[in-house]
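# quick check, what structure comes out for this input:
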Amino acid sequence: MSATIVSEPSSSSVTSSAPSTSSVAQHTDKRSLFQKIVEFINPGPDSKDELYETLADAEDNDVIGAQSRAMLEGVIRMADMTAGDVMVPVTRIDLLDIDSSHDELMHQVIDTAHSRFPVYEGEKDNIIGILMAKDLLKLQRAPELNIRALLRPPVFVPETKGLNDLLREFRGNRNHLAIVIDEFGRMAGLLTIEDVLEEIVGEIEDEFDIAEDDGDIFGLADKTYRISGDTAIERVNDTFDVKLLESDSDNKFDTIGGLIAHEMGHVPKRGERTVLNGLSFTVLHTKGGAVKWFKVMPEHMAE
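Next comes the predicted model:
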């Protein structure tokens, strides 16, 4: 009768196959973090306040930084936002007419300084394509080109489109701009990938943006000035020795942007110009419905 010998595992094999205490702890920590991420991506209806509290605790405990917390909170908020919440309304969109001449198109592109433009034919609701500003340069080398050949196909999304889904589509189809339409199929506004990302990371600064402590009035080489829209009226008065607003005026404005919008009777658009007390103010850059920068010069220099 043969004997069956059962060998005991060696201590070395046990040691090599069993996870260490530290690795178990790490695995437990990772599992806990994974669960939190799952809850974060797909929170329950009553869990958002708890998520905000968890992020606040994580920042207090130096697990994440303040900027990371702000971005994560932006992602949570974005889950409930739609294209209609952050779109640029149709009244503030710079559109190009397909029947405009090349020179007219070039001047409008230069004046507005956007990189992409919706192009319409006939009625402004009839968007037939998106023109990249850089594509206009092709007409310089080949004037015989038909501008229709330069148009990119437009992307249309409803106002109710969720920002999460829209961002996924932006990434998937490599589009950076979408036309937002209302329930009747009319253009309600437009939305760029920058608008969506700003809901997460905050305002994305461009070449016109500067730090607040870097100043708000700049003298330029051509003896004109660049002034931010949120510059105090008193500071403008002191700089140019003028009185743009009398102290006993019924209209109380703190900033030059607010005053000029009141004088114009509407939100100023890029390229618009007005004169106050002998100073010419030309809108250089707008963002979020407000003027970011004016170009200022004596009225006689602008004529």
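
# keeping just the C-alphas, turn stretch 226-233 into CSV.
C-alpha atoms of stretch 226-233 as CSV (Å, rounded to 0.1, in the frame of the first residue of the first chain):
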residue,chain,number,x,y,z
ARG,A,226,-5.3,100.4,-23.2
ILE,A,227,-7.7,100.5,-20.3
SER,A,228,-9.5,97.6,-18.6
GLY,A,229,-13.2,97.8,-18.4
ASP,A,230,-13.3,97.4,-14.6
THR,A,231,-11.0,100.5,-14.1
ALA,A,232,-12.5,102.9,-11.6
ILE,A,233,-13.9,106.1,-13.2
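
# run through who's touching that stretch.
With contact meaning Cβ atoms under 8 Å, 6 or more residues apart in numbering, stretch 226-233 is reached by 210, 216-218, 220, 236, 244-245, 253-257, 259, 281, 284, 290-296. C-beta coordinates here come from the backbone N, C-alpha and C atoms, glycine included.

# any of those buried? List them.
216-217, 236, 244-245, 253, 255-257, 259, 281, 284, 291-296 (16 or more other Cβ atoms under 10 Å).

# of those residues, which belong to strands?
Using DSSP state E, the subset of the buried ones among the contacts of stretch 226-233 located in strands is Ile217, Phe281, Leu284, Val291, Lys292, Trp293, Phe294, Lys295, Val296.

# in the stretch 51-200 of the chain, which spans are strands?
With DSSP state E, counting those that start in this stretch as the definition, the stretch 51-200 of the chain shows strands at residue ranges 88-89, 96-97, 116-121, 123-132, 156-158, 177-181, 187-192.

# okay if I get those strands as TSV plus mean neighbour count, distance to Val63 and mean pLDDT?
As requested, the strands of the stretch 51-200 of the chain are exported to TSV (neighbours: other Cβ atoms under 10 Å; distance: least, Cβ to Cβ, whole Å; pLDDT from 0 to 100):
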stretch	mean neighbour count	distance to Val63	mean pLDDT
strand 88-89	16	37	84
strand 96-97	18	49	92
strand 116-121	19	39	92
strand 123-132	16	43	91
strand 156-158	16	36	94
strand 177-181	22	36	93
strand 187-192	23	33	90
